[in-house]
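Participant: Let me see the structure of the following:
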Amino acid sequence: MVSAVPSAATPAVGDGDVRAIAKVGSTMVIGGNFTTVNGVARSRLAAFSASTGALTGLSLAVNGEVSSVVPGPTATTAYIGGAFTTVGGVARRNVALVDLSTNTVVPGFTAPAFSSFGRVKDMVRVGSRLVVVGDFSTVGGQAHAGIAALSATTGAVDQTYLRVQFAGHHNNSGTGAQGAVGPWNLDVSPAGDRLVVIGNFRTADGLPRDQVALITLGAAAAVVTPDWNTLRYNPLCFSNSFDSYVRGVSFSPGGSYFVIGATGGGVRDTLCDAAARFETYAVGADLQPTWVAETGGDTMWAVEITEAAVFVGGHQRWGNNPYGRDFAGPGAVPRPGLVALDPVSGRPLQWNPGRNPPGKAVYAILATSEGLWLGSNTDYVGNFTYVRKKIVLFPYAGGSTLASTTVGTLPGTVLLGGSVAGATSDALSSVGLTSTGVSSQPVPVGNGGVAWSGTRGAFMVGSKVFYAKTDGYLYSRPLVQGVWGAETRIDPYHDPRWATVDNHLNGTFDGNLPTLYGQLPNLSGMFYTGGRLFYTITGDPTLRWRWFSPDSGIVDERVFTVPSSVDFRSSRGLLVAGANLYYTSTVDSSLYRVGWNGATVTGVPVRISGPTVDRVSWAARSLFLLAG
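Facilitator: Residues are numbered from 1 along each chain as shown. Okay, the predicted model is just below:
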């Protein structure tokens with residue numbers, strides 16, 4: 001994980017904003033709406049050393065916004081795209097190729113004519129082609145509504161390979177905002193077989209594709225992926241202000257999923273003002289996001305995904321806020337202007353440098369070997385802590401290691417704590433367990449200083465043991481080779497660094513405890529797997545789950561139920577290993593096994609241990625399977 005302290009080796013962009021970032025060799029290239037960098041004239045385009053931040057000699061003046069920068073076909077060149085007609089005094093409309101070493105426009109690359117008033121909003125290079133998107137309708141005199149493929153070396157339009165036509169205002173209500181129709185942003189999968197395109201459109205080649213379309217890049221032609229569609233961006237969100245509300249998109253490093261960031265206002269049960277993960281190779285006419293990360297009414301814009309996190313920048317006050325609307329709802333955590341999401345669960349990770357004031361948005365995020373680069377219209381990182389004007393680097397140097405998500409397996413060791421019979425025993429004992437029964441009798445072990453009789457469920461992930469207490473808080477302690485570490489009360493919802501900080505909208509960045517915390521004194525068991533925290537409540541037959549991040553301890557406010565063949569109202573303690581779920585019964589102090597496929601409890605329970613089976617009593621307040 002990158003450091004939360006920004007590098008000092010970045011230039012100061014004096015005005016405007018940074019809309020695009022690219023790395024070309026050891027040089028960073030930025031574009032946007034600025035006129036000076038480090039006090040030197042740099043009109044909408046600049047370059048600097050990735051290691052020192054020192055400006056290079058690139059001083060070509062661009063007479064309009066630079067919205068996109070992409071590494072060029074040679075080691076010292078870069079493509080720029082936007083809304084301009086000249087670059088360094090040379091006539092180039094919307095797309096140009098510049099040489100960073102010679103400070104010139106490359107003469108051999110000439111983009112075709114785009115339709116009047118059409119702009120290039122984003123670009124990506126795919127092999128020998130440069131794919132451009134924007135609000136144009138023709139390219140080279142032929143219909144290319146919103147997307148076209150150019151030769152990466154000459155700029156000539158490919159009139160046959162990519163002829164997808166985008167059409168229709170997302171806001172088809174007849175009133176309200178009416179923006180330019182066309183794609184806004186795109187990304188290509190690492191394998192080069194898919195393009196994801198987002199923007200202001202209703203159809204792609206006549207197929208219903210509201211605001212998002214997936215395009216299959218074949219050998220001979222690129223076509224709209226016929227069996228991938230979602231209806232989740234169909235609803236209008238504050239259409240008086242927004243025609244289209246999608247803003248940023250990024251593929252994961254492996255290409256199996258992508259995440260979309262959006263603005264639009266806080267409209268419950270929509271994807272407005274939220275980030276949402278979609279699976280690239282899913283099939284369906286109404287595909288649902290794997291997870292949704294809501295802000296509670298604030299914009300999410302640029303998205304960049306690394307192996308560690310999904311980074312999203314906007315002007316959000318909170319993360320994990322599905323039920324807040326311009327206020328911190330239950331479960332909301334302070335995340336001013338920037339958030340790193342757990343790729344598996346979508347919950348915010350611990351990393352929380354913040355940007356105060358958040359400004360309008362983070363428009364560009366780029367991950368490189370140095371770290372994470374951000375382009376925005378603001379000048380500070382933290383609560384006015386670090387002055388970093390419009391361009392920021394969070395370096396890997398000084399960063400941290402994310403919490404492990406490894407869980408225990410069987411054969412293994414289960415730890416039981418706290419007698420149910422009388423709340424006087426705070427002991428912890430160890431039992432060897434296989435999928436068919438115990439492999440060793442209970443042995444007392446150190447309890448880590450935890451009063452286990454006052455716990456209400458526990459689980460272990462990586463080196464952390466999580467447990468609920470009757471005081472209504474979740475806690476964790478590291479447990480490494482039998483040695484317990486210090487206890488941590490998990491309350492990222494009231495982060496002291498942000499709880500009292502003015503959010504510039506008549507409030508602070510402080511969050512709120514999730515409703516789960518109010519239920520913790522009545523929990524009867526918990527376990528973690530695959531980004532989900534599963535739990536049962538005393539006297540209730542239902543197994544429930546919420547998204548959860550072991551790194552931050554943040555739990556989702558939304559609650560999901562698990563279809564089950566088991567009534568859990570008399571259960572006490574849960575664990576999962578392989579294709580089985582194990583639970584204890586308060587009726588006979590026994591341990592039962594039942595089928596588990598990751599989402600459903602199936603089959604008839606089988607008792608595998610208990611006082612009348614092997615003389616082992618499972619009458620404990622909490623139990624967990626050792627991990628690692």
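
Participant: where exactly do the helices run in the chain?
Facilitator: Ranges of helices within the chain are 515-519, based on DSSP state H.

Participant: ok, and the helix or strand in it with the lowest average confidence?
Facilitator: Sorted by mean pLDDT, DSSP states H and E, the helices and strands of the chain end with strand 412-419, the least confident at a mean of 91.

Participant: The residue lying closest to Arg615 once chain neighbours are set aside: what's it in contact with?
Facilitator: Excluding its sequence neighbours, the residue lying closest to Arg615 (Cβ to Cβ, 6 or more residues apart in numbering) is Gln441, at 7.5 Å. C-beta here means a position set from N, CA and C on the backbone, and glycine is covered the same way. Gln441 makes contact with 431, 615-616, according to Cβ atoms under 8 Å, 6 or more residues apart in numbering.

Participant: Tell me the one among the residues you listed nearest to Ser49.
Facilitator: Val431 (59.2 Å; Cβ to Cβ).

Participant: Asp99: neighbour count?
Facilitator: Using other Cβ atoms under 10 Å, Asp99 has 17 neighbouring residues.

Participant: Provide a list of residues in contact with it.
Facilitator: Counting by Cβ under 8 Å, 6+ apart, Asp99 touches 76-77, 105-106.

Participant: residues in contact with the residue nearest to Phe84 when sequence neighbours are not counted?
Facilitator: In this structure, Phe84 finds its nearest non-sequential neighbour in Gly64, 3.3 Å apart by Cβ to Cβ, 6+ apart. Listed by Cβ under 8 Å, 6+ apart, the contact set of Gly64 reads 44, 82-85.

Participant: can you rerun that using 7 Å?
Facilitator: Counting by Cβ atoms under 7 Å, 6 or more residues apart in numbering, Gly64 makes contact with 82-85.

Participant: If you rank the residues you listed by neighbours, which is first?
Facilitator: Neighbour count (other Cβ under 10 Å) singles out Gly82 as the most crowded of the contacts of Gly64, with 30 neighbours.

Participant: What's the separation between that one and Ser3?
Facilitator: Look at Gly82 and Ser3: by Cβ to Cβ, to the nearest Å, they are 32 Å apart.

Participant: and Ala458, what does it touch?
Facilitator: 465-467, 526, 622-624.

Participant: ditto for Ser585
Facilitator: For Ser585, the contacting residues are 570-571, 592, by Cβ under 7 Å, 6+ apart.

Participant: Equivalent analysis for Val601, please.
Facilitator: Each residue near Val601 by Cβ under 7 Å, 6+ apart is listed here: 543, 562, 564-566, 581, 594-595.

Participant: now Phe242, nearest residue through space, not along the chain?
Facilitator: Leaving aside its sequence neighbours, Phe242 sits nearest to Gly264 (Cβ to Cβ, 6+ apart; 5.1 Å).

Participant: Touching, that neighbour and Ser239? I think so.
Facilitator: No: using Cβ atoms under 7 Å as the test, Gly264 is too far from Ser239 to be in contact (8.9 Å).

Participant: Of these two, which one has the most company?
Facilitator: Using other Cβ under 10 Å, the more surrounded residue of Gly264 and Ser239 is Gly264, with 25 against 22.

Participant: who's in contact with the more buried one?
Facilitator: Gly264 is in contact with 237-238, 242, 245, 272-273, counting by Cβ under 7 Å, 6+ apart.
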